[in-house]
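# got a sequence here, can you build the structure:
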Amino acid sequence: MAAGGAPGFARRVCAEPGAAPCPPPPAPCAVKAASGVGAKDRLQGPGGCLCPASAARPGRLGSAAGSARRCPMAQYRIRQYRDGDYEAVRTLFARGIMEHVPATYRRMLGSGRTQLGLLALLAGVRAAAGCWAPALAAVALALLTAWPLVHSLASSYVREALATDLRDIRAAYLQAPDSDFWVAEGAGGAVVGTVAAALPDEPAERGAALELKRMSVRRDHRGRGIAQALAREVLRFARARGYGAVVLSTSVVQVAAQRLYESQGFRKVGAFSPSLLGRLLHFQIFRYRCELPAGPPPPAP
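Okay, here's the model as predicted:
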C-alpha cells in the first residue's frame, strides 16, 4: 500500500524567516498526525524541518494547523520510490553495506579471542621453527586471510538482498500489503537516502509490528537529518495502519545507526550471529524494537 494513500501523516512546518526556529522533533515514537499531507508532499528544510511541498516555494502558503507559513528552500525531499530510482537505490544500498567492511575487520582484530589466537599461533610456530621469521609470517598470513573472509560476509549479504526484495522493489514493497519504499531526493533529483517498511521476517512479529528495512544514506549527505526523517516516515506509516511496534536489525559495527535508532525510541532486544562465518569473525546483528503509542494517531493541534 502506498504511503501517500494513508490518512493522517505527521509534519513539521518551518517558521517565517527571522522568526523563532522550528520546534524540536516529536518525542521518540510519539508521532503527531496532521491531515492532508502525504508522503509525496513533505520536503526537508534546513534544521531538519519537514515542510509541505506547497510551502516550499516563496510566496506559497501552507496549511499547518490552519496557519499559513512560508518554508525556506528545501534541502531534500522524501517521496515514494519510483521505477526510475531502481539502479540508484541498488547502488546506494550496496555501497552502504560494503563501506562497513573495514570496521568489521578492525572489530575482529580487536577481539580478545582473535588476539589470543594470534598470540598462540605466534608462539606455536616460534616453538616449532625455532626462530621468529616463520612465526611472524604465519601471523601475517592469518591476517591477510581474514580480510577476504570479512569482505565475503558483507558481499554475500549484498548479493542476497539484490537477488530478493531489491530485485523487484515495486513488487516487494509497493504492491505488497502494509509495505512501502521511500527515497530521499537531493538537489537535481539524485537519490541520497532510502528506507522501506515491510511485514517482519519473523512470523511471530507479524500482525503486531512492521519492520524498518533498507535504511541507507549517501556518505556525503549524512549529518543533515535525512536518516531521522526516513525513520520517522516508517514510524508514521506503521502507526497510521494500527501497528503497535516497529522492529529492525542492524550490525554491531553500525554504531551511528544504533545511535540514530535509539534517538527515535528504539531499544535493543536481542543479538545474534548471522552465520558460522559471522561467529568466527565475532560479527553480530542487533535486533531493535520501538513500541508505538496505542490507539489512532492524535488529531492535528
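# the chain: helices as residue ranges?
86-98, 101-110, 112-129, 132-163, 169, 226-240, 255-263, 276-280 (DSSP state H).
# for these, which one sits closest to G189?
With Cβ to Cβ, the closest approach to G189 among the helices of the chain belongs to helix 86-98: 9.6 Å. Any C-beta I mention is one placed from the backbone N, CA and C, and that applies to glycine too.
# that closest one vs helix 132-163, what angle?
150 degrees (axes from the mean of the first three to the mean of the last three Cα atoms, to 10 degrees).
# helices or strands up against helix 86-98?
Applying 3 or more Cβ pairs under 8 Å, 6 or more residues apart in numbering; DSSP states H and E, we find helix 86-98 packed against helix 132-163, strand 180-185, strand 191-198, strand 209-217.
# any chance of the ones you listed in a markdown table, with distance to F286 and mean pLDDT too?
Formatted as a markdown table, the helices and strands packed on helix 86-98 follow (distance: least, Cβ to Cβ, whole Å; pLDDT from 0 to 100):
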| stretch | distance to F286 | mean pLDDT |
| --- | --- | --- |
| helix 132-163 | 15 | 95 |
| strand 180-185 | 23 | 98 |
| strand 191-198 | 18 | 98 |
| strand 209-217 | 13 | 97 |
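# dump these to JSON lines, plus distance to M108 and mean neighbour count.
As requested, those are exported to JSON lines (distance: least, Cβ to Cβ, whole Å; neighbours: other Cβ atoms under 10 Å):
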{"stretch": "helix 132-163", "distance to M108": "6", "mean neighbour count": "14"}
{"stretch": "strand 180-185", "distance to M108": "32", "mean neighbour count": "25"}
{"stretch": "strand 191-198", "distance to M108": "28", "mean neighbour count": "25"}
{"stretch": "strand 209-217", "distance to M108": "23", "mean neighbour count": "24"}
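# out of the ones you listed, flag the one nearest S275.
Between those, helix 132-163 lies closest to S275; by Cβ to Cβ that is 7.5 Å.
# ok, the residue nearest the centre of the chain - contacts?
In the chain, the C-alpha nearest the mean C-alpha coordinate belongs to M215, at 2.5 Å (Cα atoms, centre = their mean). Residues near M215 by Cβ atoms under 8 Å, 6 or more residues apart in numbering: 194-195, 227, 230-231, 248, 257.
# do that again at 7 Å, thanks
Shown in contact with M215 (Cβ atoms under 7 Å, 6 or more residues apart in numbering): 195, 227, 230.
# about what we covered before: of the helices and strands packed on helix 86-98, which is nearest V101?
Comparing those under Cβ to Cβ, the one sitting nearest is helix 132-163, at 5.1 Å.
# could you list the buried residues of stretch 236-254?
Buried residues in stretch 236-254, counted by 16 or more other Cβ atoms under 10 Å: 236-240, 243-254.
# between the two ends of that stretch, how far is it?
24 Å (Cα to Cα, to the nearest Å).
# mean confidence score for that stretch?
The average pLDDT for stretch 236-254 rounds to 95.
# adjust the sequence numbering to begin at 40 for everything that follows.
Got it, first residue is 40 now, which makes that one stretch 275-293.
# I'd say E244 and V285 touch.
No - E244 is beyond contact range of V285, at 10.0 Å (criterion: Cβ atoms under 7 Å).
# count of residues packed around L319?
15 (other Cβ atoms under 10 Å).
# and the residue lying closest to it once chain neighbours are set aside, how far from R253?
Leaving aside its sequence neighbours, L319 sits nearest to L188 (Cβ to Cβ, 6 or more residues apart in numbering; 7.6 Å). For L188, the distance to R253 equals 25 Å [Cβ to Cβ, to the nearest Å].
# do the same with A133
A133 sits 11 Å away from R253, going by Cβ to Cβ.
# cool, and L331?
When L331 is compared with R253 (using Cβ to Cβ), they lie 20 Å apart.
# same check on V292?
For V292, the distance to R253 - Cβ to Cβ - is 18 Å.
# what of Y120?
10 Å.
# got it, and S194?
17 Å.
# identify the bridge partners of the nearest residue to R253 once chain neighbours are set aside.
The shortest distance from R253 to any residue other than its chain neighbours is 4.4 Å, reached at A235 (Cβ to Cβ, 6+ apart). Beta-bridge partners recorded for A235 (DSSP bridges): F220, K252.
# most remote residue from the protein's center?
Max distance from the centre of the chain (Cα atoms, centre = their mean): G169, 51.9 Å.
# quick one: pLDDT of it?
Reported pLDDT for G169: 91.
# which residues touch it?
By Cβ under 7 Å, 6+ apart, G169 has no neighbours at all.
# and if you look at A247?
Per Cβ under 7 Å, 6+ apart, neighbours of A247: 282-284.
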